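*Asks:* Below is the structure, and that's it, no one-letter string:
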């Protein structure tokens, strides 16, 4: 048990990111499926709705649990939110482009493409969050 705890401590951030990234992906896919199959909304509308809901979920979980950005001061939070949504807008547009190309144009299976697209989006979003959005201050800046 101690070895597992040590491993968790060593890889805590990537582990939590994958956990919450997986939950964010689940939120995205569930909202996409519901809007497509229950509400019968258009592919693009469904993708945008799924993106929006999952970005809100991702911001809260990434800020509080993964990158532990505990400041709610406007000078910290507003740039964070702006950068987070800008990065997610980029990856959301990438998701939309992938869905449009592979589902609407090439007629590939939409749920398979939604899952594959989300794998790419999770990787890109981690890099954006780690390197730019929730970047820890360097030791010189402290």
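*Replies:* That came in fine, so what should we check first? Being a predicted model, the structure only gives us computed values, none of them experimental.
*Asks:* mind showing which ranges of the protein have poor pLDDT?
*Replies:* Applying pLDDT under 70 to the chain flags residues 137-142.
*Asks:* where exactly do the strands run in it?
*Replies:* In the chain, no strands are found when defined by DSSP state E.
*Asks:* Tell me where it has helices.
*Replies:* 2-10, 12-37, 43-61, 74-99, 110-128 (DSSP state H).
*Asks:* Any buried residues in the third one, and which?
*Replies:* When you say that, I think you mean helix 43-61. Across helix 43-61, burial judged by 16 or more other CB atoms under 10 Å covers 43, 46-51, 53-55, 57-59, 61. The C-beta positions use only the backbone N, C-alpha and C, and glycine is treated the same way.
*Asks:* I'd like those residues as TSV, with distance to residue 27 appended.
*Replies:* TSV is the format used below for the buried residues of helix 43-61 (distance: CB to CB, whole Å):
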residue	distance to residue 27
43	18
46	13
47	13
48	14
49	11
50	8
51	10
53	6
54	5
55	10
57	5
58	8
59	12
61	10
